[in-house]
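Chemist: Need a 3D model of the following:
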Amino acid sequence: MKSSLEDTLLAAIRTIPDYPKPGILFRDITTLLSNARAFRRAIDELVHPYAGQKVDKIAGIEARGFILGGAVAHQLSAGFVPIRKKGKLPFETVRVAYSLEYGLDEMEMHKDGVSPGEKVILVDDLIATGGTAEAAVKLLRQIGADILAACFVIDLPDLGGRAKLEALGVPVRTLIGFEGSETGLPKAN
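Modeler: Numbers count the residues shown, from 1 in each chain. Model (predicted):
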């Protein structure tokens, strides 16, 4: 039987079939975000393992990682650093290119967003193929961050993202998984 947490989160996440293309079951967390109880439970569970530890920064991946990461940063009394698509930040940035399903993209963060040696937790809503999260890890390490973990509400384990991050030595924390139900790639952040 599923735990109360799993029940709460599963009930709060909307599944949209055939979005953004046929055969994909898109996991929409906007319904979780609008449900005060589910949102609070998700944030509390993401924060719990790190409460009382020294965490300097939470890095959130655009865009849903900003919402979740900001709440996690607040709870841990840590700073928040946005990781954005190329061209969205106004100051000096560091950048990394990464592969998408069709082609390349780039993400960046402010050069002074994290200092070398700072303890950072990476946060986003979902881990699927892991390409975006893997690029974010490389970006953070490029400027010397000590990545404590990568945290996600949803894991799509059949797509291999968790394994990619763990192969980089990054512990992965997820709250719920959807196994065997995805036939394609979810919409990128």
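Chemist: Okay, helices next: where are they in this protein?
Modeler: 4-12, 30-34, 36-47, 64-76, 131-142, 161-167 (DSSP state H).
Chemist: Let me know the pLDDT of residue 187.
Modeler: At residue 187, the model reports a pLDDT of 37.
Chemist: what sits opposite the spatially most central residue of the chain in the beta ladder?
Modeler: The residue lying closest to the centre of the chain (CA atoms, centre = their mean) is residue 124, at 1.7 Å. For residue 124, the beta-bridge partners are residue 152 (DSSP bridges).
Chemist: so who does it touch?
Modeler: Contact analysis of residue 124 by CB atoms under 8 Å, 6 or more residues apart in numbering lists 60-61, 64-65, 68-69, 132-133, 136, 150-152, 189. Placement of C-beta: from N, CA and C, glycine included.
Chemist: number of nearby residues for residue 77?
Modeler: 7 (other CB atoms under 10 Å).
Chemist: For it, list the residues it contacts.
Modeler: Residue 77 makes contact with no residue, according to CB under 8 Å, 6+ apart.
Chemist: rerun at 10 Å
Modeler: Going by CB atoms under 10 Å, 6 or more residues apart in numbering, residue 77 touches residue 55.
Chemist: same deal with residue 171?
Modeler: Applying CB under 10 Å, 6+ apart, the residues near residue 171 are 49, 121, 147, 148, 149, 150, 151, 165.
Chemist: Mind pulling up the pLDDT for the residue nearest to the centre of the chain?
Modeler: For residue 124, the predicted pLDDT is 98.
Chemist: that older thread, by pLDDT, give me the weakest of the contacts of residue 124.
Modeler: Ranked by pLDDT, the contacts of residue 124 bottom out at residue 189, which scores 36.
Chemist: returning to what we had before: in CSV: the helices of the chain, plus distance to residue 19 and mean neighbour count.
Modeler: Formatted as CSV, these follow (distance: least, CB to CB, whole Å; neighbours: other CB atoms under 10 Å):
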stretch, distance to residue 19, mean neighbour count
helix 4-12, 18, 16
helix 30-34, 13, 16
helix 36-47, 21, 18
helix 64-76, 15, 21
helix 131-142, 18, 22
helix 161-167, 19, 18
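Chemist: how about these in TSV, adding distance to residue 96?
Modeler: TSV is the format used below for these (distance: least, CB to CB, whole Å):
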stretch	distance to residue 96
helix 4-12	31
helix 30-34	27
helix 36-47	24
helix 64-76	16
helix 131-142	4
helix 161-167	15
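Chemist: between those, which gets nearest to residue 97?
Modeler: Residue 97 sits nearest to helix 131-142 of all the helices of the chain, at 7.7 Å, using CB to CB.
Chemist: helices and strands around the closest one, which ones?
Modeler: Here helix 131-142 touches strand 57-61, helix 64-76, strand 79-85, strand 93-100, strand 103-110, strand 119-127, strand 146-155, helix 161-167, going by 3 or more CB pairs under 10 Å, 6 or more residues apart in numbering; DSSP states H and E.
Chemist: Fine by me, we can end here.
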